[in-house]
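Engineer: Predicted model follows, preceded by the sequence.
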Amino acid sequence: MSRVRAVAGGGRAVEVEPERLAGWFERFAARHGGLSRTAGDGDRLVVHAVDGTRAEVDVPFPPLATPTVACLVEHALLPRRIGLLLVRLGGHSVGIAVNGVVEVSTTGSRQVHGRSSAGGWSQRRFARRREGQSRVALEAAASDAVRVLAPAVDSLDAVVLGGDRQALDVLRADRRLAAVFARAGERVLDVAEPRRAVLDEAAVRARAVEVVVRPPERHGL
């Protein structure tokens, strides 16, 4: 089943697996009176329906040779070798997947306590303890990313991120991971606490094309 989420500015984003992409656009055309035109470039494709609805795609693994639906489908079906870096406070999972199947992986977890409602000295002590736990957890995540992804970075088509953006930003500041983050796009997968099963799911989602469906613009309101 496709993942769907609301997006800012109105509309919804749908994750569509490459094998289902051609059929998705066929159904999109049928629901909205057909397709009127497509526009875009190597990084972006916008498909306009007759009723004014738009399907917008930030091209995964750019560039796209020609801004057409047929070319996007062909592009999405190409085999990919993808690095995966999923991080949340207290847990991480790192791996390399080929065509949606994880071939190399490591997963780790560290205890990080939640926030305390106590006040005064107890709260400050708890905050220091939590900060220390977070630092240890993120250091472990960085070390595993360096060990698994850094040596293979030149062989990767891309790196896909997932989890908590603040935690990822901490790893982004690690010089040892500069080349890894250089291959990562802006997209960050929303994932549960990273485990091997979550990594397997992320490997499949990493190949998916995210299509943002925008309703017709209303004028004069």
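Structural biologist: Structure received. Quantities reported herein were computed from a predicted structural model and do not represent experimental measurements. Numbers count the residues shown, from 1 in each chain.

Engineer: make it CA atoms for all contacts and neighbour counts henceforth
Structural biologist: Noted.

Engineer: ranges for the strands of the protein?
Structural biologist: For the chain, strands defined by DSSP state E occupy the ranges 3-6, 12-16, 35-40, 44-49, 54-58, 81-88, 91-98, 101-109, 158-163, 184-189, 209-214.

Engineer: Show me this structure divided up by domain.
Structural biologist: 3-78+208-214, 81-206 (automatic domain parsing).

Engineer: Out of these, which gets the lowest mean score?
Structural biologist: Within the domains of the chain, confidence is poorest for domain 81-206, with a mean of 86 (mean pLDDT).

Engineer: List the contacts of residue 198.
Structural biologist: 191-192 (CA atoms under 8 Å, 6 or more residues apart in numbering).

Engineer: The one 3 residues further on too?
Structural biologist: Counting by CA under 8 Å, 6+ apart, residue 201 touches no other residue.

Engineer: next one: the one 4 residues further on
Structural biologist: Listed by CA under 8 Å, 6+ apart, the contact partners of residue 205 are 15, 17, 100.

Engineer: can I get the residues you listed in TSV with neighbour count and distance to residue 143?
Structural biologist: Supplementary listing: the contacts of residue 205 in TSV, determined by neighbours: other CA atoms under 10 Å; distance: CA to CA, whole Å:
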residue	neighbour count	distance to residue 143
15	19	31
17	21	31
100	20	24
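
Engineer: Could you export the strands of the chain as TSV, including distance to residue 178?
Structural biologist: Below are the strands of the chain laid out as TSV (distance: least, CA to CA, whole Å):
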stretch	distance to residue 178
strand 3-6	30
strand 12-16	28
strand 35-40	30
strand 44-49	26
strand 54-58	23
strand 81-88	13
strand 91-98	16
strand 101-109	20
strand 158-163	12
strand 184-189	10
strand 209-214	26
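
Engineer: Check these for me and report the most buried one.
Structural biologist: Counting by mean count of other CA atoms under 10 Å, strand 81-88 has the highest mean neighbour count of the strands of the chain, with a mean of 27.

Engineer: Could you tell me the angle between that one and strand 101-109?
Structural biologist: Using axes from the mean of the first three to the mean of the last three CA atoms, to 10 degrees, the inter-axis angle of strand 81-88 relative to strand 101-109 is 20 degrees.

Engineer: Strand 81-88 packs against which elements?
Structural biologist: In terms of contacts (3 or more CA pairs under 8 Å, 6 or more residues apart in numbering; DSSP states H and E), strand 81-88 is packed against strand 91-98, strand 158-163, helix 165-172, helix 196-207.

Engineer: Okay, angle between that strand and helix 196-207 too, please.
Structural biologist: Going by the same axes, to 10 degrees, strand 81-88 makes 130 degrees with helix 196-207.

Engineer: tell me the angle strand 81-88 makes with strand 184-189.
Structural biologist: Computed with the same axes, to 10 degrees, the direction of strand 81-88 lies at 50 degrees from that of strand 184-189.

Engineer: contacts for strand 81-88?
Structural biologist: With CA under 8 Å, 6+ apart, strand 81-88 has contacts from 92-99, 141, 145, 149, 153, 155-164, 167-168, 191, 193-194, 199, 202-203, 206.

Engineer: burial count for the residue nearest to residue 40 when sequence neighbours are not counted?
Structural biologist: Among residues not flanking residue 40 along the chain, residue 67 sits closest, at 5.4 Å (CA to CA, 6 or more residues apart in numbering). By other CA atoms under 10 Å, the residues close to residue 67 number 20.
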